[in-house]
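1. Have a look at this fold, sequence not included:
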DNA sequence: CCTGAAAAGGTGGGACC
DNA sequence: GGTCCCACCTTTTCAGG
């Protein structure tokens, strides 16, 4: 992908509501040209969508944790992600190399809610869990796009 | 926070570019009322901003990993997050409970770039690293807002 | 792949209940 | 808080190079 497209993606990663007018100024093209490029980036799936960045504390989700999981019976077919997808407290699910099978990022209201969630995870996916509580978040979800 | 605001935040978390017109239909208010509520949510910091969701593979960042870090000298003042902030490959930095001090989420092009990044992390923050490579991502960054 | 222009519709205030 | 209204700006499309 070339420089102009990268600049567009970088700008929209920082501010997803930038108008095509502003975007056009930054990259030095006409509004229509930028519009076309953005549509193409969306169609190609480079831009997968737009999301509001929400403050979890303000929503009462003040406890974040990593949960590493491992099947109790590694010989059985592994559909843990499917089984866990219905739990909305699980924000992300990564399949990982190493001793654990999956790493989950979860958000809950308080320690009691975490306890309940861990029980749900264990029973839903037949796994053991190893939990690492997040104490604070110096930074998160930075749009790490470096321009050429 | 009450039900209508939660519905608005939930909708914008899924589609950050929803128009106030569409939003108004969903929550059953007038366009202006919704507009006011969104502005308040933005001012209060509940909505921290808007971002394009970018496909990392399409940008050539096809390797994701977790990097747990621990200071070589735990008695020294700990400014690792500050020292690491300049590395754009680090998407998130969490201070965690447990054996490690911080958990990083990093994105790089390939294994070689990961090796270089780990060296940079170790020398910049005077830490040891323990890295867990992500093999696949069943889901990520789900807007886990449950409505009342 | 870009430009330019014109229609359609959304955004962002103010006045008022 | 909410509604109604209006000026302005953006988005979106289309003809043309």
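-> Perfect, I can see it now. Note that the structure is predicted; figures quoted are calculated from it, not measured.

2. Going by C-alpha atoms from here, please, whenever you check contacts or count neighbours.
-> Will do.

3. Enumerate the residues of chain A near DNA strand C.
-> Residues of chain A lying close to DNA strand C (CA under 7 Å from any atom of the strand) are A:29-34, A:36-37.

4. can you rerun that using 10 Å?
-> Residues of chain A lying close to DNA strand C by CA under 10 Å from any atom of the strand are A:2, A:4-5, A:17-19, A:24, A:27-38, A:40.

5. now, which of those lie within helices?
-> Of the residues of chain A next to DNA strand C, the ones assigned to helices by DSSP state H are A:4-5, A:24, A:27, A:31-38, A:40.

6. Pull the contacting residues for the residue lying closest to residue A:20 once chain neighbours are set aside.
-> Spatially, and ignoring its direct neighbours in sequence, residue A:20 is nearest to residue A:31 (5.7 Å; CA to CA, 6 or more residues apart in numbering or on different chains). Applying CA atoms under 8 Å, 6 or more residues apart in numbering or on different chains to residue A:31 gives the contacts A:20-21, A:23-24.

7. try residue A:64
-> Each residue near residue A:64 by CA under 8 Å, 6+ apart is listed here: A:105-108, A:133-135.

8. Now the phi/psi pair for residue A:45, please.
-> Main-chain torsions, residue A:45, degrees, to the nearest 10: phi 90, psi 10.

9. what about the longest strand along chain A, near chain B?
-> Using DSSP state E to assign secondary structure, the strand with the most residues in chain A is strand A:127-139. Yes: shown here: strand A:127-139 in contact with chain B (CA under 8 Å from any CA of the partner chain) through A:132-139.

10. could you dump the contacts of residue A:64 to TSV with neighbour count and pLDDT?
-> Shown next, in TSV, are the contacts of residue A:64 (neighbours: other CA atoms under 10 Å in any protein chain shown; pLDDT from 0 to 100):
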residue	neighbour count	pLDDT
A:105	20	98
A:106	25	98
A:107	25	98
A:108	23	98
A:133	18	98
A:134	22	98
A:135	16	98
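
11. and those near DNA strand D, which?
-> Taking CA under 10 Å from any atom of the strand as the test, DNA strand D is in contact with none of the contacts of residue A:64.

12. List only buried entries from the residues of chain A next to DNA strand C.
-> Neighbour counting with 16 or more other CA atoms under 10 Å in any protein chain shown marks A:4-5, A:17, A:24, A:31, A:34-35, A:37-38 as buried within the residues of chain A next to DNA strand C.

13. Which pair of those residues spans the longest distance?
-> Farthest pair in those (CA to CA) is A:4 and A:17. Separation: 18.1 Å.

14. just to revisit the earlier point, so which bits of the longest strand of chain A are buried?
-> Within strand A:127-139, the residues that count as buried by 16+ other CA under 10 Å are A:127-129, A:131-135, A:139.

15. Check chain A for its longest helix and report it.
-> From DSSP H, the single longest helix across chain A is helix A:111-125.

16. Which strands or helices does it pack on?
-> In this structure, helix A:111-125 packs against helix A:80-84, strand A:127-139, with contacts taken as 3 or more CA pairs under 8 Å, 6 or more residues apart in numbering or on different chains; DSSP states H and E.

17. Show the average pLDDT along the next helix-or-strand element following the first one.
-> Just to be clear, that refers to helix A:80-84. Per DSSP states H and E, the first helix or strand lying C-terminal to helix A:80-84 is strand A:90-96. Regarding strand A:90-96, the rounded mean pLDDT is 98.

18. do strand A:90-96 and chain B meet?
-> Yes: using CA under 8 Å from any CA, strand A:90-96 comes into contact with chain B via A:90-96.
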